[in-house]
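Trainee: build me a model from this:
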Amino acid sequence: MRNLFKALVLCCLLLSLRNTQALCQDDNDDVHNLIINLPEVALLDLEAAGAKDISLGPDAPTEAGEALDFSNESNSELWINHSSIVGAKSDPKKNITVQITSGALPSAMLLSVVVHKDAGAGDGTIGTPTRSIVLNNKAQNIITGLGSAYKGNGPTRGHRLTYSLAFDTKKGAHTNLDFDRANTLTITYTLSDQ
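Mentor: Below you'll find the predicted structure:
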């Protein structure tokens, strides 16, 4: 009887080891998780073939009795480039705003910027330019409805900007002109959520 008990215990042990081995063996498939993380992106810069600083000012008259000549006071050398990745629910769209953040425009002068259509070097939801804006110290939308997109990098990519300086044609505005009032303005573009 004792031998039979030993044999039974030995069989149980062998069966137990065999089942444990079967559970530990690999089979013909396996799985793992792969996590994909897309970052939020909000990048903007201004590009120019030359310097980013612009100098505008009317031409002085050459004959007595003539006014300052503002007809050639524009510059189209700057381009806005941007890249963005937005969230589908949290931040579905972005805008680009512009404003004068330091300095003051000389009296009797108007400074405007025209935002041209996208040059087509990128892809995505590129937004809609608002065209011409007279600049002041309050942020104004110049491109709205930006989604996940990129415009391309460098001059001739994104949106071309045309700055124009004009004389305020209100009666009596000439009395406000002062050649000592030349000033450097800082123009700030900001890409942010709507």
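Trainee: where does pLDDT dip in the protein?
Mentor: For the chain, applying pLDDT under 70 flags the ranges 1-24, 90-91, 171-172, 181.
Trainee: what sits closest to G50 if chain neighbours are left out?
Mentor: E77 (6.6 Å; C-beta to C-beta, 6 or more residues apart in numbering). Glycine gets a C-beta too; all of them are placed from N, C-alpha and C.
Trainee: assign a three-state SS to that neighbour, would you?
Mentor: strand (DSSP: H, G, I helix; E, B strand; the rest coil).
Trainee: my guess is it contacts D53. True?
Mentor: No. The pair E77 and D53 does not pass the contact test of C-beta atoms under 8 Å, sitting 10.1 Å apart.
Trainee: re earlier: show the contacting residues for the residue nearest to G50.
Mentor: By C-beta atoms under 8 Å, 6 or more residues apart in numbering, the contact set of E77 is 48-50, 54, 155.
Trainee: list only buried entries from these.
Mentor: Among the contacts of E77, those buried by neighbour count (16 or more other C-beta atoms under 10 Å) are 54, 155.
Trainee: span of stretch 32-52 from start to end?
Mentor: 51 Å (C-alpha to C-alpha, to the nearest Å).
Trainee: write down the beta-bridge partners of D123, one by one.
Mentor: In this entry, D123 is beta-bridged to Y150, by DSSP bridges.
Trainee: gap between it and Q140?
Mentor: 27 Å (C-beta to C-beta, to the nearest Å).
Trainee: those two: who's more crowded?
Mentor: Q140 (14 against 11; other C-beta atoms under 10 Å).
Trainee: the more buried one pairs with what?
Mentor: Q140 has these beta-bridge partners by DSSP bridges: V98.
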